[in-house]
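Undergrad: here's a sequence, model it:
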Amino acid sequence: MALRFVSLCLSVAMLLVFDTSAQTSKSLDRQYQEVEWVALMPKDDLDTLLDPPDYFADIADGSQEDSLEALTQQAQQDEKVRRYQDALTSTRVVQDWHNKAIKIPGFIVPLQADEQQHVTEFFIVPYFGACLHMPPPPPNQIIYAVLKKGVELKNLYDPFWFEGVLAIEINENEMGTAAYRLWIDSVVPYED
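TA: Here you go, the predicted model:
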């Protein structure tokens, strides 16, 4: 995975792929607070990811320096690079979101499906292609979810609105690690 691609994806996600505001909606007699993805990340992790190491600009795509191994080697010598690498894998969360009813836009990364090919276990991510390209977003930018009735997913690039109660819970999978879990009340296609 290209380090510059990771930096670009994170920048796009941080600049909010979706235009969200602090509005609430009502469903199942519960008020959901509309949440921006950056609100789930501790401020120092966000600041670090928005200010990547300077040498990233000089790395040619596909070069030997354009790898996680090279980043690890560089991190051993440079504190800013080490902190950037730590932020890329951070499971640190914002405790204030635990057990809060939220509404968040995102994309589905399927983990399991039922016989009808409805996705029943998945990650919710802030931008299309997250977890499909390596490395995945930081764990504090991935939400794990299970929905017994499943979600019909026609295209991986289809965005959705997710409503439910957010919990702080680590879930690991070969596709990535999530630092949050959403107990889903509803999933609907995203519309402007």
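Undergrad: in this protein, where is pLDDT below threshold?
TA: Within the chain, the stretches with pLDDT under 70 are 1-28, 129-135, 192.
Undergrad: can you tell me the helix or strand for the residue of the chain most remote from its centre?
TA: Ranked by distance from the centre of the chain (CA atoms, centre = their mean), the top residue is residue 77, with 28.3 Å. For residue 77, there is no host helix or strand (DSSP states H and E).
Undergrad: ditto for the one 10 residues further on
TA: Take DSSP H and E as the rule and residue 87 turns out to sit in helix 79-88.
Undergrad: now do that helix: distance to the chain's middle.
TA: Between the centre of helix 79-88 and the centre of its host chain there is 18 Å, according to CA atoms, centre = their mean, to the nearest Å.
Undergrad: helix or strand next in line after that helix, which one?
TA: Following helix 79-88 toward the C-terminus (DSSP H and E): strand 100-113.
Undergrad: now the element after that following strand, going C-ward?
TA: Toward the C-terminal end, the helix or strand that comes next after strand 100-113 (DSSP H and E) is strand 119-125.
Undergrad: and the angle from that following strand to strand 100-113?
TA: With axes from the mean of the first three to the mean of the last three CA atoms, to 10 degrees defining the directions, strand 119-125 sits at 120 degrees from strand 100-113.
Undergrad: neighbouring contacts of strand 119-125?
TA: For strand 119-125, contacts defined as CB atoms under 8 Å, 6 or more residues apart in numbering pick out 104, 106-114, 130-131, 136-137, 141-153, 162, 173, 175-176, 178, 182. To be clear about C-beta, it is placed using only N, CA and C from the backbone, and glycine gets the same treatment.
Undergrad: that one: partners in the sheet, and parallel or antiparallel?
TA: Taking DSSP bridges as the criterion, strand 119-125 forms sheet pairs with strand 100-113 (antiparallel), strand 143-151 (antiparallel).
Undergrad: can you list the ones you listed in CSV and add distance to residue 38 and mean neighbour count?
TA: Shown next, in CSV, are those (distance: least, CB to CB, whole Å; neighbours: other CB atoms under 10 Å):
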stretch, distance to residue 38, mean neighbour count
strand 100-113, 11, 20
strand 143-151, 14, 19
